[in-house]
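Asker: What would the 3D arrangement of this be:
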Amino acid sequence: MTAVPAARLSRAYGPFLLLVAWLVAIKLAILGGPPVFRSPAQAAVFAWPFLGVVLVAGLGGVWLSRRIGIPDLLAVDIAPRHRFLAPVIIGWALGLAMLGSDWGFDWSLPMALGHGLPSIHIPFPASLLIYPGGAIIVCVIYYLVPIPLLTWLLSRGVWRGRHQARAFWIAGLLCAAIEPLTQDLTPSMRALGGVGALVFVLDYAANAAQVVVFRNAGFLAAVTLRITFYLVWHVVPSLGVG
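Answerer: Purely as a prediction, here's the structure:
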């Protein structure tokens, strides 16, 4: 067995550990302060036990990603324009599309009221801290862990080591539906009819775009896209939220 150079391992695992360290810093910053989350579910993902799950599961996801051909987080053969610039542009475009749909149809308020909340957006300045951290967590639980695992199960278990690319896209497009299915099919959203369907499509498009950049440029690109998307879609509106 050929030994993997330490530099290559550091490019694969080092950036992920830094992302987790950022989550820990966010947790420490909000610890003991006033409540900043809109719901118990939001608070739960920043609890210490869940952050431990993110660390362990995420490391497993990095390990498995490397075995199905996903680029390392800082792979030297991925140009910065593919890892950072393209995800930022895509994230801005998708965020503006989501923001425009809300300004045009005012759907987020009924969605928030349906959950007993005054707004779906965390107030500023806490939003500037929480949403980038939430982007990391979401990318771990929606992409880094389930997509490589499902790809490996399909390719190795079902197709006996063949059709890995096909397995990835099946896994990725299925996992891209997790967030829209769990967040956009609530009774308050279904009551909006066509507007609710539009939000579902936009949400799925945002998730599918992250799957694409994850495959082509690695996990750090997916995180960059999600952070940018959240900055536009959640942080900008939070400036007017009390």
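
Asker: Tell me where the model's unsure across this protein.
Answerer: Across the chain, the ranges flagged by pLDDT under 70 are 1-4, 161, 241-242.

Asker: And the residue positioned nearest the centre of the chain, its phi and psi?
Answerer: What sits nearest the mean C-alpha location of the chain, by Cα atoms, centre = their mean, is Cys139, with 3.1 Å. Here is the backbone geometry of Cys139 (degrees, to the nearest 10): phi -70, psi -30.

Asker: switch to numbering from 11
Answerer: Let's use 11 as the start, then, which means that last one is Cys149.

Asker: Name the residues of stretch 97-112 that come out as buried.
Answerer: For stretch 97-112, burial by neighbour count (16 or more other Cβ atoms under 10 Å) applies to 97-98, 100-105, 107-109, 111-112. (C-beta placed from N, C-alpha, C; glycine too.)

Asker: Look at the residue nearest to Gly143 when sequence neighbours are not counted and say how many residues are nearby.
Answerer: Leaving aside its chain neighbours, Gly143 sits nearest to Ile36 (4.3 Å; criterion: Cβ to Cβ, 6 or more residues apart in numbering). By other Cβ atoms under 10 Å, the residues close to Ile36 number 18.

Asker: Assign a three-state SS to Ile36, would you?
Answerer: Here Ile36 is recorded as helix under DSSP: H, G, I helix; E, B strand; the rest coil.

Asker: what sits against it?
Answerer: 56, 139-140, 143 (Cβ atoms under 8 Å, 6 or more residues apart in numbering).

Asker: Fine, thanks again, bye for now.
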